[in-house]
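Colleague: Sequence first, then the predicted structure:
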Amino acid sequence: MQMDLDSKLDGLRPGPQGLVVDVQAALKECNVLEVLDELDRELVGLKPVKTRIREIADFLLIEGLRKRAGMTAETPTLHMSFTGGPGTGKTTVAMRMATILHRLGYVRQGHLVVASRADLVGQYVGHTAPKTREILKKAAGGVLFIDEAYYLYRPDNERDYGQEAIEMLLQAMENQREDLVVIFAGYKDRMRTFFRSNPGLRSRIAHHIDFPDYTLEELMSIAELMLRQQMYEWDEASRDAFRQYLELRMKQPHFANARSVRNAIDRMRLRQAHRLVSRGGTVSAEDLSRLDASDITQSRVFQGGIDTDDPIDEVERGT
Amino acid sequence: MRITQGTFSFLPDLSDDQIRAQVQYCLDQGWAINVEYSDDPHPRNTYWEMWNIPMFDVRDAAPIMREIKACREQYPRHYIKVNAYNFNRGRETVALSFLVNRPAEEPGFGLTRQEVQGRTINYVVRSYATDKPEGMRYDGAMPNGSGNGR
């Protein structure tokens, strides 16, 4: 433990008064600032989340220094819960969190294992324990991200095996604290009920981070970012059309923030390809990268329909 | 007689930290690991009992060390080995295999010469330990130690 940070800090160490460390330099030495800056740059919005993560990183750095100075011996509890709507960047932030924890020396490998109910809970008696144990083994030395954690607990069925998985997780969270950091994620209100019915879990979680839904402007910049990454361009007209599309789509059910934006862009690309092929003739590089307003306005949303993100629905309706 | 099977067997027994470092090396190569035990030390005994199922996709040595510890607790007087499997050539093949536990006393092997037709002699190597049935082989030798000098 602390190997990474320790070895990095060796070079910074002491003045005549004993342990004197330049905190900012220490952060830089562990390459944590890099991750934090990357987070700022690549994720649109999410102000409260970014602030919280900086706070946690600062805390962990100081805690590491305190440990070095012999002021504390135990590893702080690092288990977290991420709450927020779908597509608000919980998994992405969890991945960055794993890197930060690794660079500060709190997890040894720094990988992220994503698991949901199906990966942890078995189908019959005696099936749950080996499944959960296997996931715990895979996640050792890294971060275990449990998506939609509330599905683990089914209060309506007292013979549900979910409880068994929760108990094993609890045990691992307590006994293997140096090996494993667990992040529970899901919608805010359902997570609240989940924690209320599992008080043991709640008390073992040190950090709660809430992910707010994106505003329209933030979603627009996310779309710009995605298009730029995929080498597409759009003009004022298509930008306005997309803004209108988002306004309508946001009011509809199952709106999944950044994920819906990505899906909408994917459908725009489909329509663009179809437009280019059916037009025939020659296609220039500019044509290939340009999205037309008509690629957007063809969406069902504009006819009062629902643009679900459900692929089966899509097929049945024949988009 | 000290059994020398697998990698590192001519070295002094590895300490737990050394075992952990070897295991971590295997995991860093992307190899899968399993733990096996046996109380039949014959060199041709390739089929050892499996301790749980092989562990795939594990990234850190800690859970594997826990399995080794659990196996030692249950079989303190057996031979226990760690196998690492490499899939690079399209099938799981053993890339590294080494002992992590051995009985405190190893009685060694006897050589039997069997005269058969003519002047032909067949040689039979037999472990003294296998005189007793499986599971009872190293019992009397050790009152309460846990093999491997630990």
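Modeller: Cool, the structure landed.
Colleague: how much space is there between A:Leu78 and A:Glu217?
Modeller: With distances taken as C-beta to C-beta, to the nearest Å, A:Leu78 is found 34 Å from A:Glu217. In this view, the C-beta of every residue, glycine as well, is placed from N, C-alpha and C.
Colleague: try B:Ile121
Modeller: In this view, B:Ile121 and A:Glu217 are 92 Å apart by C-beta to C-beta.
Colleague: Next to chain A, which bits of chain B? Give me the list.
Modeller: Taking C-beta under 8 Å from any C-beta of the partner chain as the criterion, the neighbours of chain A within chain B are B:Met55, B:Asp57, B:Val58, B:Arg59, B:Asp60, B:Ala61, B:Ala62, B:Pro63, B:Ile64.
Colleague: List just the nearest of those to chain A.
Modeller: Nearest to chain A among the residues of chain B next to chain A is B:Asp60, at 2.6 Å by C-beta to the nearest C-beta.
Colleague: For the closest one, give me the pLDDT.
Modeller: pLDDT recorded at B:Asp60 is 94.
Colleague: what secondary structure does it sit in?
Modeller: In three-state terms, and counting by DSSP: H, G, I helix; E, B strand; the rest coil, B:Asp60 is coil.
Colleague: That one against A:Gly110, yeah?
Modeller: No - here B:Asp60 does not reach A:Gly110: they are 10.0 Å apart, not a contact under C-beta atoms under 8 Å.
Colleague: Need the overlap of contacts for the two.
Modeller: Each of A:Gly141, A:Gly142 lies in contact with both B:Asp60 and A:Gly110 under the rule C-beta atoms under 8 Å, 6 or more residues apart in numbering or on different chains.
Colleague: Would you map the helices across the stretch 201-319 of chain A?
Modeller: Taking DSSP state H, counting those that start in this stretch as the test, the helices found in the stretch 201-319 of chain A are A:216-229, A:236-251, A:257-279, A:285-289, A:293-297, A:311-317.
Colleague: and those helices, which one is worst for confidence?
Modeller: The stretch with the lowest mean pLDDT among those is helix A:311-317, at a mean of 53.
Colleague: what about residue 34, neighbour count?
Modeller: Assuming you mean chain A. The burial metric for A:Glu34, expressed as a neighbour count using other C-beta atoms under 10 Å in any protein chain shown, is 14.
Colleague: hmm, I had chain B in mind actually
Modeller: Neighbouring residues of B:Asn34 were enumerated by other C-beta under 10 Å; the total is 21.
Colleague: partner residues bridging it?
Modeller: Legend: beta-bridge partners of B:Asn34 under DSSP bridges are B:Asn83.
Colleague: how much space between it and B:Ser9?
Modeller: From B:Asn34 over to B:Ser9 (counting by C-beta to C-beta), the distance is 18 Å.
Colleague: can you check B:Glu105 too?
Modeller: Noted for B:Glu105: a distance of 17 Å to B:Ser9, by C-beta to C-beta.
Colleague: looking at it, B:Val100 is touching B:Tyr79, isn't it?
Modeller: No - no contact is recorded between B:Val100 and B:Tyr79 when judged using C-beta under 8 Å, the distance being 9.1 Å.
Colleague: ok and the residue in the stretch 151-300 of chain A nearest chain B?
Modeller: For the stretch 151-300 of chain A, the residue positioned closest to chain B under C-beta to the nearest C-beta is A:Asp179, at a distance of 4.7 Å.
Colleague: List the contacts of the residue most central in space within chain A.
Modeller: In chain A, the C-alpha closest to the average C-alpha coordinate belongs to A:Thr91, at a distance of 1.9 Å (C-alpha atoms, centre = their mean). A:Thr91 makes contact with A:Val114, A:Phe145, A:Asp147, A:Ala185, according to C-beta under 8 Å, 6+ apart.
Colleague: Which of these fall in strands?
Modeller: When those are checked against strands (DSSP state E), the matches are A:Val114, A:Phe145, A:Ala185.
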